[in-house]
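Undergrad: Here is my input, please return the structure:
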Amino acid sequence: MKIMATGGGTGGHVYPALAALDSLVALPHGGVTREDICWVGSHDGVERGIVQRSGYSYQVVSTGPLRGANLFQALASLRLILRGTKQSLALLRRSRPAAVLATGGFVSVPLVLAAWLRRVPAMLYLPDMEPGLAVKMLARIATRVAVSFEPAAVYFGGKAVVTGYPVRQALFEADHAEARRQLGIEGDLPLVLVMGGSRGARSINMALQGGLASLLTRAQVLHVTGLLDYDAMLAARQALPPALRPRYRVHDYLHTEMVAALAAADLVVARSGAATLGEFPAVGLPAILIPYPHAGQHQWLNAAYLADAGAALVLADDRLGEELLPMIERLLDDPSALARLSAAARAKSMPQAAERIAAELLAVARGGRHG
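TA: Residues are numbered from 1 along each chain as shown. Have a look, this model is predicted:
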């Protein structure tokens with residue numbers, strides 16, 4: 001049985017789908033192998049590298065963004081989406097998949113439209129608390145919509161099924177002490193993981209740089225900078241006193257090491273994209289969340305979900321310079337507060353989410369409804 005998947009824009013929309021596809025392959029009577037699955041995405045999207053490293057095949061179609069585009073950009077994107085839909089129709093004719101799984105973003109539009117035209121059932125998965133433009137549009141023609149959390153189901157009526165947020169199984173199996181050994185983290189100082197999503201976050205990077213030397217007197221820092229600020233943060237590392245440099249680790253991006261980084265950390269500073277809702281709870285990781293101010297409302301809703309549960313603190317992007325370093329230091333100086341945040345995060349963990357999405361997708365492919 002063949003399955004096509006699509007979606008992208010951020011790793012938070014790709015990794016959960018890959019976790020669900022891995023679970024689908026693992027189902028004992030599912031009838032789906034890794035070779036039966038093909039991901040359809042854009043030529044230069046972040047999803048391409050992630051999917052190809054996962055071992056699934058990848059096909060390219062044309063597409064373009066509509067959200068935030070001016071009239072001329074929107075017209076250009078519509079032409080690209082039309083071309084991508086024709087390309088997707090050709091892919092569907094050749095592969096004849098039983099179903100399509102889509103996680104949103106403009107990358108998803110051509111394949112889901114083509115699936116509707118070919119009468120191939122499509123299931124959407126919404127990782128965030130609120131749907132974006134693409135999911136709102138595509139939900140009208142989708143067979144089913146899987147959502148991570150109950151409040152999101154209200155947008156989709158009877159099509160919705162609550163599954164939880166799927167993450168890689170390795171996160172649930174990771175051990176804090178072993179992860180520190182794997183990364184070469186020595187000594188007893190706590191480890192602060194700082195990251196801004198798959199493309200980095202300049203405001204977070206600059207706020208960290210401003211108080212880096214002070215922070216490193218009480219903690220080690222693993223900093224995932226993104227490509228744009230990588231060289232600048234390497235230079236900041238070289239400017240540190242020699243005794244502090246080993247405590248500051250700089251990476252432009254983490255691939256296979258990300259599971260170990262999440263498991264080894266005692267505190268994370270991050271944007272509040274969809275991945276935070278599943279990955280941080282999976283390892284019981286306390287968080288300081290800084291919603292991206294230009295991503296619409298969904299990052300604020302994501303952050304509020306964990307903050308209301310007592311699993312995270314939320315800081316506005318325009319307050320980073322004044323408040324980020326003091327907030328980190330207050331938490332590091334209060335182990336009981338970190339422990340409370342960790343316990344609350346772990347209570348939000350959903351270890352069966354990937355299996356639930358896989359079962360729903362299989363039911364869609366077979367023309368029924370799971371459960």
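Undergrad: Trp39: how many residues sit nearby?
TA: Trp39 has 27 neighbours, counted by other C-beta atoms under 10 Å. Yep, even glycine has a C-beta here, placed from its N, CA and C like the rest.
Undergrad: give the contact list for the residue nearest to it when sequence neighbours are not counted.
TA: Counting by C-beta to C-beta, 6 or more residues apart in numbering, Trp39 lies nearest to Val51, which is 4.4 Å off, once chain neighbours are set aside. Taking C-beta atoms under 8 Å, 6 or more residues apart in numbering, we find Val51 in contact with Val14, Leu18, Trp39, Gly41, Tyr58.
Undergrad: Kindly state the beta-bridge partners for the fourth one.
TA: Residues in a beta bridge with Gly41, per DSSP bridges, are Val60.
Undergrad: sorry, back to before: what's the separation between the residue nearest to Trp39 and Ala347?
TA: Remark: distance between Val51 and Ala347 (C-beta to C-beta, to the nearest Å) = 31 Å.
Undergrad: same question, Ala207
TA: Ala207 sits at a distance of 29 Å from Ala347 (criterion: C-beta to C-beta).
Undergrad: His255 too?
TA: Summarising the geometry, the distance separating His255 from Ala347, computed by C-beta to C-beta, is 29 Å.
Undergrad: okay, now the nearest residue to Leu362 once chain neighbours are set aside: neighbour count?
TA: Using C-beta to C-beta, 6+ apart and skipping the chain neighbours, the partner closest in space to Leu362 is Gly30 (5.6 Å). Look at Gly30: counted by other C-beta under 10 Å, it has 19 neighbours.
Undergrad: Next: Leu91.
TA: Residue crowding around Leu91 was assessed by other C-beta under 10 Å; the count is 19.
Undergrad: next one: stretch 294-303 to chain centre, how far?
TA: Distance of stretch 294-303 from its chain centroid, counting by C-alpha atoms, centre = their mean, to the nearest Å, is 13 Å.
Undergrad: whoops, I mixed them up, stretch 325-332
TA: Averaged C-alpha coordinates place stretch 325-332 at 25 Å from its chain's average position (C-alpha atoms, centre = their mean).
Undergrad: Same question for stretch 15-22.
TA: Centroid displacement of stretch 15-22 relative to its chain, using C-alpha atoms, centre = their mean, is 11 Å.
Undergrad: Now do the buried residues in that stretch.
TA: Applying a neighbour-count criterion of 16 or more other C-beta atoms under 10 Å, the buried positions in stretch 15-22 are Tyr15, Pro16, Ala17, Leu18, Ala19, Ala20, Leu21, Asp22.
Undergrad: ok, the last one touching Ile357?
TA: If I follow you right, that is Asp22. No. Here Asp22 does not reach Ile357: they are 10.7 Å apart, not a contact under C-beta atoms under 8 Å.
Undergrad: Among the buried residues of stretch 15-22, which one sits closest to Arg93?
TA: For those, the closest approach to Arg93 (C-beta to C-beta) belongs to Leu21, at 22.2 Å.
Undergrad: Going by residue numbers, what spans are strands in the stretch 151-300 of the chain?
TA: Taking DSSP state E, counting those that start in this stretch as the criterion, the stretch 151-300 of the chain contains strands spanning 160-162, 191-195, 220-224, 248-251, 267-270, 287-289.
Undergrad: out of those strands, nearest to Asp175?
TA: strand 191-195 (14.1 Å).
Undergrad: and Ala213, how many neighbours?
TA: Neighbouring residues of Ala213 were enumerated by other C-beta under 10 Å; the total is 14.
Undergrad: what's the weakest-modelled helix or strand in the protein?
TA: When each helix and strand of the chain is scored by mean pLDDT, DSSP states H and E, helix 46-54 comes last, with a mean of 87.
Undergrad: ok, Gly164 - contacts?
TA: Contacts of Gly164 were listed using C-beta under 8 Å, 6+ apart, and they are Ser148, Phe149, Gly278, Met350, Gln352, Ala353, Arg356.
Undergrad: I'd assumed Val147 was in contact with the last one.
TA: No. Using C-beta under 8 Å, Arg356 makes no contact with Val147, being 11.0 Å away.
Undergrad: Find the residues that touch each one of these two.
TA: With contacts defined as C-beta under 8 Å, 6+ apart, the residues shared by Arg356 and Val147 are Thr163.
Undergrad: Now do the phi/psi pair for the closest residue to Met350 other than its chain neighbours.
TA: Once flanking residues are discounted, Met350 sits nearest to Gly164: 3.2 Å by C-beta to C-beta, 6+ apart. Dihedral angles of Gly164 (phi, psi; degrees, to the nearest 10) stand at phi 90, psi 170.
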